[in-house]
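Q: compute the structure for the input listed below.
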Amino acid sequence: MSRIGKEPVKIPSGVDVKIDGLLVTARGKLGEESFRLTDDVIVSQQDGALSVSPANDGKRARTMWGTTRSQLQNIVIGVSEGFTYNLDIQGVGYRAAVQGRTLNLQLGYSHDIDYPIPDGVSVSVERNVAIEVKGTNKAVIGQFCSEVRAFRPPEPYKGKGVRYRGEYVMRKEGKKK
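A: All right, here's what the predicted structure looks like:
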């Protein structure tokens with residue numbers, strides 16, 4: 001029994017959810033997101049909430065039950081409130097800038113890194129070292145932030161690199177004489 005799958009997804013005011021066969025579409029003040037269901041789950045809308053149940057007793061149906069509920073929760077939150085990720089850059093000479101639909105990163109390499117910003121994602125840079133990523137699709141934003149962090153992950157000796165705001169980096173002691 002899925003503890004996550006049992007919980008209904010509450011639909012806030014101002015969000016319109018439509019179920020059309022295997023396609024669930026949510027429309028809110030920030031835009032529109034859709035999610036394609038599998039045949040293993042059944043989604044119903046009642047009393048201002050979406051409820052998800054497995055279609056049969058198979059392992060795949062039980063697996064997709066909680067996953068589908070989480071995906072529906074993410075699209076409902078995305079179109080009503082949106083998602084925000086914050087990245088911090090630490091290191092001497094490390095900086096970022098937004099140029100049109102491109103994020104320009106200077107991370108200590110011999111060249112700048114020009115990384116395209118996907119559609120539906122807005123990026124702003126403050127003080128050249130604080131990157132704020134906003135959008136309605138949590139998966140796209142998370143993937144974008146993960147790829148930016150992968151250009152220069154924080155290293156354990158000086159802590160230089162790109163990190164999520166609030167991320168703890170385990171520090172190591174340097175060489176001893």
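
Q: let me see the ranges of the strands in the chain.
A: All strands of the chain, identified by DSSP state E, fall at 9-10, 16-20, 23-28, 31-36, 41-46, 49-54, 83-90, 95-99, 102-106, 113-116, 121-126, 130-135, 161-164.

Q: what is the longest helix of the chain by residue count?
A: helix 59-80 (DSSP state H).

Q: and of the strands of the chain, who's closest to A150?
A: strand 161-164 (8.4 Å; CB to CB). Glycine gets a C-beta too; all of them are placed from N, C-alpha and C.

Q: what packs against that closest one?
A: When contacts are defined as 3 or more CB pairs under 8 Å, 6 or more residues apart in numbering; DSSP states H and E, strand 161-164 packs onto strand 83-90, helix 138-151.

Q: any chance of the strands of the chain in JSON lines, plus mean neighbour count and mean pLDDT?
A: Listed next are these as JSON lines, based on neighbours: other CB atoms under 10 Å; pLDDT from 0 to 100:
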{"stretch": "strand 9-10", "mean neighbour count": "18", "mean pLDDT": "94"}
{"stretch": "strand 16-20", "mean neighbour count": "13", "mean pLDDT": "93"}
{"stretch": "strand 23-28", "mean neighbour count": "19", "mean pLDDT": "94"}
{"stretch": "strand 31-36", "mean neighbour count": "14", "mean pLDDT": "93"}
{"stretch": "strand 41-46", "mean neighbour count": "15", "mean pLDDT": "92"}
{"stretch": "strand 49-54", "mean neighbour count": "19", "mean pLDDT": "92"}
{"stretch": "strand 83-90", "mean neighbour count": "18", "mean pLDDT": "96"}
{"stretch": "strand 95-99", "mean neighbour count": "15", "mean pLDDT": "95"}
{"stretch": "strand 102-106", "mean neighbour count": "18", "mean pLDDT": "95"}
{"stretch": "strand 113-116", "mean neighbour count": "13", "mean pLDDT": "96"}
{"stretch": "strand 121-126", "mean neighbour count": "16", "mean pLDDT": "95"}
{"stretch": "strand 130-135", "mean neighbour count": "19", "mean pLDDT": "96"}
{"stretch": "strand 161-164", "mean neighbour count": "19", "mean pLDDT": "95"}
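
Q: adding distance to I77, write those out as JSON lines.
A: As requested, the strands of the chain are exported to JSON lines (distance: least, CB to CB, whole Å):
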{"stretch": "strand 9-10", "distance to I77": "9"}
{"stretch": "strand 16-20", "distance to I77": "12"}
{"stretch": "strand 23-28", "distance to I77": "9"}
{"stretch": "strand 31-36", "distance to I77": "10"}
{"stretch": "strand 41-46", "distance to I77": "17"}
{"stretch": "strand 49-54", "distance to I77": "12"}
{"stretch": "strand 83-90", "distance to I77": "7"}
{"stretch": "strand 95-99", "distance to I77": "25"}
{"stretch": "strand 102-106", "distance to I77": "25"}
{"stretch": "strand 113-116", "distance to I77": "26"}
{"stretch": "strand 121-126", "distance to I77": "16"}
{"stretch": "strand 130-135", "distance to I77": "12"}
{"stretch": "strand 161-164", "distance to I77": "19"}
